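S.K.: pasting a predicted model and its sequence here:
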Amino acid sequence: MAHPMVVTKSSKSVSSISEAGSETVLGTYSTQELYRELLTRFNEDPDRDGLLQTPSRVEKSMAFLTKGYTQNATQILRGAMFDVDYDEMVIVKDVEMFSLCEHHMLPFFGRVHVAYIPNGKVIGLSKIPRLIEVFARRLQVQERLTRQVADAIQEAIEPRGVGVVIEARHMCMMMRGVEKQQSTTVTSAMVGCFREQQTRSEFLSLVRQPSGNSL
Ligand SMILES: [Zn+2]
């Protein structure tokens, strides 16, 4: 059965949208109208009580979960970089991370560990979690997220090196597909001196030390 898009006064059905074959036609519908149409396609009744406000809630929720597209790492780090003599490893461990996988638009979440060895400049510690948010609040793959965090720090303060490790669990693996419920995906990005065995090992062993948090 074809479900017309009852949300507009027009009699355009979804099939007529695809016949018109144009994103410009789809673009005339509001986000909420499109979510409403999706509910219909899941064989749901978008007019039942529990679902009436769902398109509006999903719109707000998705706007939050993808707000990273409107944020800029350089801007966030600006004014939070300080000159120091310190030249030992700086580590920020166990930063909570929530993102959406770009293949299924399902959450993946876990912990991020960031380390760098300064070369005259450090970043205010509270900015590291914010920097991670900029890239996590987008559609992502874990590998790219890891790399982007490392590259942003490298560009901002040009340290001697940066290491980023992300341990995450993917709902697209846990809820569907292979249904591997306990598996954790670990990715790392090493820049500069973190490519050297000794620095890399020091970082990884500090990350592995239990800190009381569990995923
Ligand atoms: Zn996925």
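M.R.: Thanks, I have the structure now.
S.K.: once you drop chain neighbours, what's closest to Gln181?
M.R.: Nearest non-adjacent residue to Gln181, counting by Cβ to Cβ, 6 or more residues apart in numbering: Met174, 4.9 Å away. All C-beta spots, glycine's among them, are computed from the backbone N, C-alpha and C.
S.K.: how many neighbours does that neighbour have?
M.R.: Per other Cβ atoms under 10 Å, the neighbour tally for Met174 reads 17.
S.K.: that one and Ala168 touch, don't they?
M.R.: No. Using Cβ atoms under 8 Å, Met174 is not in contact with Ala168; the gap is 11.1 Å.
S.K.: contact partners for Thr54?
M.R.: Listed by Cβ atoms under 8 Å, 6 or more residues apart in numbering, the contact set of Thr54 reads 35, 39, 46.
S.K.: hmm, try it at 7 Å
M.R.: Going by Cβ atoms under 7 Å, 6 or more residues apart in numbering, Thr54 touches Leu39.
S.K.: could you give the backbone dihedrals for it?
M.R.: The phi/psi pair for Thr54 (degrees, to the nearest 10) reads phi -60, psi -50.
S.K.: I'd like to know how far the residue nearest the centre of the chain sits from the ion.
M.R.: Taking Cα atoms, centre = their mean as the criterion, Ala136 is the residue nearest the geometric centre of the chain, at 2.3 Å. Plainly put, Ala136 is 15 Å away from the ion if you go by Cβ to the ion, to the nearest Å.
S.K.: for that residue, give me phi and psi.
M.R.: According to degrees, to the nearest 10, Ala136 has phi -80, psi -30.
S.K.: mind listing what it touches?
M.R.: Ala136 neighbours (Cβ under 7 Å, 6+ apart): 68, 97-99, 145.
S.K.: show me where this protein has its strands.
M.R.: Using DSSP state E, the strands of the chain run over 81-83, 90-101, 107-117, 121-123, 139-140, 161-170, 185-192.
S.K.: what helices and strands are in contact with the longest helix seen in the chain?
M.R.: Taking DSSP state H as the criterion, the chain has its longest helix at helix 142-157. Contacting helix 142-157 under the criterion 3 or more Cβ pairs under 7 Å, 6 or more residues apart in numbering; DSSP states H and E are the following elements: strand 107-117, strand 121-123, helix 127-136, strand 161-170, strand 185-192.
S.K.: what residues sit buried inside it?
M.R.: 142, 145-154, 156-157 (16 or more other Cβ atoms under 10 Å).
S.K.: send the alpha carbons of that helix over as PDB?
M.R.: Output of helix 142-157 as PDB, limited to C-alpha atoms (Å, rounded to 0.1, in the frame of the first residue of the first chain):
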ATOM      1  CA  GLN A 142      36.200   5.200  14.300                       C
ATOM      2  CA  GLU A 143      39.400   5.200  12.300                       C
ATOM      3  CA  ARG A 144      38.800   8.700  10.900                       C
ATOM      4  CA  LEU A 145      37.700  10.100  14.300                       C
ATOM      5  CA  THR A 146      40.900   8.900  15.800                       C
ATOM      6  CA  ARG A 147      43.000  10.500  13.000                       C
ATOM      7  CA  GLN A 148      41.100  13.800  13.100                       C
ATOM      8  CA  VAL A 149      41.700  14.300  16.800                       C
ATOM      9  CA  ALA A 150      45.400  13.600  16.400                       C
ATOM     10  CA  ASP A 151      45.800  15.900  13.400                       C
ATOM     11  CA  ALA A 152      43.900  18.700  15.100                       C
ATOM     12  CA  ILE A 153      46.300  18.700  18.000                       C
ATOM     13  CA  GLN A 154      49.300  18.400  15.800                       C
ATOM     14  CA  GLU A 155      48.200  21.400  13.700                       C
ATOM     15  CA  ALA A 156      47.200  23.500  16.700                       C
ATOM     16  CA  ILE A 157      50.400  23.300  18.900                       C
END
